[in-house]
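**Q** Would you be able to build a 3D model of this:
(2 chains)
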Amino acid sequence: MKQENENQKVRIPFDVIALLVLLVLTFALLSAYPEKRDPVTAVFASYLLEMMLILPAVMVIMGLFSVFVSDKAVVKHLGQSSGMRGFFTALFFGSLPTGPLYVAFPMASAMLSKGARISNIVVFLSAWACIKMPQELVELQFLGPEFMVARLILTIIFVGLMGIIIEWVHG
Amino acid sequence: MAYRYQKCDLMIDTSLFINAFALISLVYAYHHDRERTKEALIKTANSFIHIMPTILAIIVFIGLLLGLIPPARISMLIGEQSGINAVMMVAVIGSFLHIPALISFPLTASLLDAGATVTIAAVFITTLTMVGMVTLPLEIREMGRKMALLRNGISFCIAIMIALIMGMIL
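**A** Model (predicted):
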């Protein structure tokens, strides 16, 4: 318990320190260039507003999924399916709103050892990394529908190809 | 510059849609299972607090990037005049940076605001999320060296292809 606390003490402050350093730097720069004060604050305020409009909602969606969809269910469903169905199952479970990529590595390796197809695991990891549903919502907000849809479709096509290539090379 | 600022009304619509979706999910989950919904909300609050410093830092950084540096200078580096070298440079940066995906979208949007091309924005976001040099040791340990190197290497290549195609169609 005590060790856990110490670990947290080491881990949390890094981003806090980064933020403080950045703030000090910002104040220094803005006192050196007072004419830049308004543009910098305006950009900061508009991005902060845009982020706060969606972030709580996105994180609520992620929190709900992480509690209601268990890792075991994902491993079970994905281990069983094959062919086109396997591809879409991998895509679907990969894009469910749960956790960062490094959470998916142990799941993927467990599924591989249970005999899941390599191509499906590659698709699962890639979908997890770059087309997760809450991320797509943030992308829609910040980059617009054309950008989001184009990237989504291209990613699905290329990730499918990558799965086939890796399975072929890996044997 | 124009790519994002035309879309102001749409952004409000998007955030309305996301919030409505979250609210409906929440009500549905609460009816389904109160205890687990509470657990989920506590989890959400925790990760929200944890992610805040990073988010604020990135937004301050965006403020400095867009407010302080003359747009002409940024767009010289990653704008219309920049070539394939700029795309490669951004792809390498995206592969090495390790920031939460949720925050990488506003960061990418700030590049577009600063005059970056769609290709640059797409290659940045795709390498940022798919290629992870920081998490590579962990991936090698879990998935094996061959698989991890193949996945990251091929992801790097397809990120560039996706970006070039997006640059052509958008």
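
**Q** ok, B:M143 to chain A distance?
**A** 6 Å (CB to the nearest CB, to the nearest Å). Every residue, glycine included, has its C-beta placed from N, CA and C.

**Q** Kindly state the pLDDT recorded for that residue?
**A** On pLDDT, B:M143 comes in at 90.

**Q** what's the answer for the one 3 residues further on, then?
**A** Model confidence at B:K146, given as pLDDT, is 93.

**Q** per-residue confidence averaged over stretch A:21-35?
**A** Here the average pLDDT along stretch A:21-35 is 92.

**Q** Could you pick out the longest helix of the chain?
**A** Picked chain A for this. With secondary structure taken from DSSP state H, chain A has its longest helix at helix A:37-68.

**Q** To clarify, I was referring to chain B.
**A** helix B:34-68.

**Q** how big is the angle separating that one from helix A:37-68?
**A** Angle, helix B:34-68 to helix A:37-68, by axes from the mean of the first three to the mean of the last three CA atoms, to 10 degrees: 160 degrees.

**Q** anything in helix B:34-68 near chain A?
**A** Yes: against chain A, helix B:34-68 shows contacts by CB under 8 Å from any CB of the partner chain at B:36-37, B:39-41, B:43-44, B:47-48, B:50-51, B:53-57, B:59-64, B:66-68.

**Q** quick one: buried residues of stretch B:86-103?
**A** B:86-87, B:90-91, B:94-95, B:97, B:99, B:101-103 (16 or more other CB atoms under 10 Å in any protein chain shown).

**Q** Just the buried residues of the residues of helix B:34-68 next to chain A.
**A** B:37, B:39-41, B:43-44, B:47, B:51, B:53-57, B:59-64, B:66-67.

**Q** Quick check, pLDDT for A:E6.
**A** 49.

**Q** quick one: A:V103 from chain B, how far?
**A** 11 Å.

**Q** List phi and psi for that residue.
**A** For A:V103, the backbone dihedrals are phi -70, psi -30 (criterion: degrees, to the nearest 10).

**Q** Which of the three states applies to B:G153?
**A** helix (DSSP: H, G, I helix; E, B strand; the rest coil).

**Q** Helices of chain B, residue ranges please.
**A** Going by DSSP H, chain B shows helices at B:2-5, B:8-32, B:34-68, B:71-78, B:84-96, B:101-113, B:118-130, B:136-143, B:145-169.

**Q** again, but for chain A
**A** Using DSSP H, helices in chain A cover A:2-11, A:13-32, A:37-68, A:71-80, A:83-95, A:101-113, A:118-130, A:133-143, A:145-170.

**Q** now, of those, which is deepest in the fold?
**A** helix A:118-130 (a mean of 26; mean count of other CB atoms under 10 Å in any protein chain shown).

**Q** picking that back up, any idea which of the helices of chain A gets closest to B:L128?
**A** The minimum distance between B:L128 and the helices of chain A falls on helix A:118-130, with 8.5 Å, by CB to CB.

**Q** CA atoms of that closest one as CSV?
**A** The C-alpha trace of helix A:118-130 is given here as CSV (Å, rounded to 0.1, in the frame of the first residue of the first chain):
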residue,chain,number,x,y,z
ILE,A,118,-2.8,-13.0,-36.4
SER,A,119,-4.6,-10.8,-39.0
ASN,A,120,-7.5,-10.3,-36.6
ILE,A,121,-5.2,-9.4,-33.7
VAL,A,122,-3.4,-6.9,-35.9
VAL,A,123,-6.7,-5.3,-36.9
PHE,A,124,-7.8,-5.3,-33.3
LEU,A,125,-4.7,-3.5,-32.1
SER,A,126,-4.8,-1.0,-34.9
ALA,A,127,-8.5,-0.2,-34.4
TRP,A,128,-7.7,0.2,-30.7
ALA,A,129,-4.9,2.6,-31.5
CYS,A,130,-6.4,4.8,-34.0
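
**Q** angle of it against helix B:145-169?
**A** 60 degrees.

**Q** so what does helix A:118-130 touch, helix or strand wise?
**A** When contacts are defined as 3 or more CB pairs under 8 Å, 6 or more residues apart in numbering or on different chains; DSSP states H and E, helix A:118-130 sits against helix A:83-95, helix A:101-113, helix A:145-170, helix B:118-130, helix B:145-169.

**Q** Identify the residues contacting that helix?
**A** The set of residues external to helix A:118-130 that reach it, using CB atoms under 8 Å, 6 or more residues apart in numbering or on different chains, is A:78, A:81-82, A:86-87, A:89-95, A:101, A:104-105, A:108, A:111-112, A:155, A:159-160, A:162-164, A:166-167, A:170, B:101, B:125-126, B:129-130, B:132, B:147, B:151, B:155.
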